[in-house]
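Asks: quick one, fold the following:
(2 chains)
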Number of protein chains: 2
Amino acid sequence: MGKIIVDISMSLDGYVTGPGIDLEHGLGIGGEALHDWAIRSEDPVDAAELRRATDESGAVVMGRTLFDFIDGPTGWTDEMGYGAAQVGKPPFFVVTHTAPDKIRLGLDFTFATDGLSAALSRAQKAAGAKDTVIMGGGDVIRQAVDAGLVDVLNLHLAPVLLGSGTPLFSGAVPRGLVQTSVRPSAYATHITYEPSR
Amino acid sequence: MGKIIVDISMSLDGYVTGPGIDLEHGLGIGGEALHDWAIRSEDPVDAAELRRATDESGAVVMGRTLFDFIDGPTGWTDEMGYGAAQVGKPPFFVVTHTAPDKIRLGLDFTFATDGLSAALSRAQKAAGAKDTVIMGGGDVIRQAVDAGLVDVLNLHLAPVLLGSGTPLFSGAVPRGLVQTSVRPSAYATHITYEPSR
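Replies: Residues are numbered from 1 along each chain as shown, chains lettered A, B, ... in the order given. Reported below is the predicted structural model:
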C-alpha cells in the first residue's frame, strides 16, 4: 500500500494562505507568493518537485474549503493544477459534511461524509501501490498529522512573511519529526519530514 | 559598519520556545529540541553554524526576558553560550525599561532603556566592522524585522512541532524575503534570508 503524504507550500511564518480568502481568492492577500516556486521559477529543482508530486499521486484528499475554491470561478483550469490536460488525473476525495449540488470540473471527485480517517482509507485503496496526497487545507492537514495518519510531510517553505492567514500547524499536537531530505531552489526550500509516531 | 543579523532557532510551527517559560526554563516545555543541532549534533555543518555565529558577533542585542533567563539560575555557564570561556565575549545590549539591581554573569552588559532602535545603533557602534546579532527573544526580533532594521535573517529550523509557546513571526508585517543560502544538516535546516526593504 502507498504512503499518506502531505504536500503543501507554507510561508516562513507558517501560513498556507494569506488573509481574506474567499471563493475567488483561494490564497488570500499576498498568498500567491507561496507558489512562486511552482509558477514563476525556472529552477530545475522546482520543476522536479512539481513532477514528483504529480507522478506519485495515486489519489488526492482535500478539505471542502479547498475544493470549493478549486472548482470555483478562478480555480483549476485545463492548464493549471491537476486540471491540466497533460498530467495524470488521480481520483479526488473531498472531506465534507454534504456533497455539493453540482461540479464544474470534469474530474473524479468523491465526497466523503464519513470523516477524514475514512476518506484517507478509501483514497489509499483507490491509489493502490501509489501514494495518497493530502493537499490541504491547513485544517485537514493538521488533523491528519495530529491523528498520526501521515507518513511523510513534504513542505515547500516560501521566502515570505504573510503576517496572517490560514496557519498550518498552529495548535498542533507537539511532535518530533525526522528531517529526511532538504532540496533548496532559487525560490523555496523543499523539506521532507517523517513525523514520529 | 557591520550588518544587523538575527540568529535564532525556530520550530517548524514557528515557535522560538515551547509553552511554560520561566526563569529556570527559558525554552519552555519541549523547547530543548530547538537546540539539538547546537548541543547534540556531531554534524560539521552544525559546528560551522555555531562557529560562524560567534565569530562574526561584534555585539549582541537581546530582550529583557531572555537576559533574565541567561543571567538566571539555569542560564549561561562558563561552558555554555557566550558565557563559555573559550569564545570571544562581545558587548551585550539588553533592551529593557529598567536595569536590574545586580548581575550574576561577568560579561559586558549594557541596559538600553531608550528603545530597540537606539540599542541597535549603540551596539553597531560598539561592534565596529563586525556584525551586531539580535539573539532574541521573539518579540524583539519581530519588532526589528517589522521596523526594517534587520539586514540578515539567519534561522535554524528545527524538525519539531511544539504546538504552542513563543511565536517568532506571528502578526509580523507582511514582507518578501530573499533566500540567500540553505545549509541542511542532520539536525536542522539552516536558512539565511535578506528581508526586502
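
Asks: distance from the chain centre to the helix or strand bottoming out on mean pLDDT in chain A, please.
Replies: Every helix and strand of chain A was ranked by mean pLDDT, DSSP states H and E. The lowest is helix A:44-55, at a mean of 91. Its chain's C-alpha centre and that of helix A:44-55 lie 14 Å apart, by C-alpha atoms, centre = their mean, to the nearest Å.

Asks: not counting its own residues, what contacts it?
Replies: By C-beta atoms under 8 Å, 6 or more residues apart in numbering or on different chains, the surrounding residues in contact with helix A:44-55 are A:7, A:37-38, A:41, A:82, A:87-88, A:133, A:154, A:156, A:183-188, A:190. Any C-beta I mention is one placed from the backbone N, CA and C, and that applies to glycine too.

Asks: please apply the same query to stretch A:99-106.
Replies: Contacts of stretch A:99-106 (C-beta under 8 Å, 6+ apart): A:Phe67, A:Asp68, A:Ile70, A:Asp71, A:Gly72, A:Gly75, A:Trp76, A:Gly83, A:Phe109, A:Phe111, A:Thr113.

Asks: wait, the third one touches A:Trp76, no?
Replies: Yes. Applying C-beta atoms under 8 Å as the test, A:Ile70 and A:Trp76 come out as touching, 5.1 Å apart.

Asks: which one of the two has more residues nearby?
Replies: Legend: neighbour count by other C-beta atoms under 10 Å in any protein chain shown for A:Ile70 and A:Trp76, higher for A:Ile70 (24 against 17).

Asks: would you confirm that A:Asn154 contacts A:Lys3?
Replies: No. A:Asn154 is beyond contact range of A:Lys3, at 10.4 Å (criterion: C-beta under 8 Å).

Asks: could I have the longest strand along chain A exported to PDB, CA atoms only?
Replies: The residue-count maximum for a strand in chain A (DSSP state E) belongs to strand A:175-184. Below are the C-alpha coordinates for strand A:175-184, written out as PDB (Å, rounded to 0.1, in the frame of the first residue of the first chain):
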ATOM      1  CA  ARG A 175       5.600  16.000  18.000                       C
ATOM      2  CA  GLY A 176       9.200  15.200  16.900                       C
ATOM      3  CA  LEU A 177      10.000  15.000  13.200                       C
ATOM      4  CA  VAL A 178      12.800  13.300  11.300                       C
ATOM      5  CA  GLN A 179      14.100  15.600   8.600                       C
ATOM      6  CA  THR A 180      14.900  13.200   5.800                       C
ATOM      7  CA  SER A 181      15.700  15.500   2.800                       C
ATOM      8  CA  VAL A 182      16.200  19.200   2.000                       C
ATOM      9  CA  ARG A 183      16.200  20.500  -1.500                       C
ATOM     10  CA  PRO A 184      16.900  24.200  -1.800                       C
END
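
Asks: what confidence value was assigned to A:Arg142?
Replies: Looking at A:Arg142, its pLDDT is 97.

Asks: now it, what's its secondary structure?
Replies: Assigned with DSSP: H, G, I helix; E, B strand; the rest coil, A:Arg142 falls in the helix class.

Asks: buried residues in the least confident helix or strand of chain A, which are they?
Replies: Neighbour counts using 16 or more other C-beta atoms under 10 Å in any protein chain shown place A:Val45, A:Asp46, A:Glu49, A:Ala53, A:Thr54 of helix A:44-55 among the buried residues.

Asks: for chain B, see how far away the fourth one is.
Replies: When distance is defined by C-beta to the nearest C-beta, to the nearest Å, A:Ala53 is 19 Å away from chain B.

Asks: ok, now the first one?
Replies: A:Val45 sits at a distance of 11 Å from chain B (criterion: C-beta to the nearest C-beta).

Asks: and A:Met80, how many neighbours?
Replies: Neighbours of A:Met80 under the rule other C-beta under 10 Å: 11.

Asks: tell me the pLDDT of it.
Replies: Looking at A:Met80, the pLDDT reads 70.

Asks: then A:Ala99?
Replies: On the pLDDT scale, A:Ala99 gets 96.

Asks: isn't A:Gly2 up against A:Ala123?
Replies: No. Using C-beta under 8 Å, A:Gly2 is not in contact with A:Ala123, being 9.4 Å away.

Asks: tell me the residues of chain A that contact chain B?
Replies: A:12-14, A:18, A:29-30, A:33, A:145, A:155, A:157, A:159-164, A:168-179, A:182, A:184, A:186-189, A:191, A:193 (C-beta under 8 Å from any C-beta of the partner chain).

Asks: ok, now with 7 Å
Replies: By the criterion of C-beta under 7 Å from any C-beta of the partner chain, the positions of chain A lying close to chain B are A:12-14, A:30, A:33, A:159-164, A:169-179, A:182, A:184, A:189, A:191, A:193.

Asks: neighbouring contacts of stretch A:3-10?
Replies: A:16, A:34-35, A:53, A:120, A:124, A:131-136, A:141, A:144, A:149-158, A:168 (C-beta atoms under 7 Å, 6 or more residues apart in numbering or on different chains).

Asks: all good on my end, thank you.
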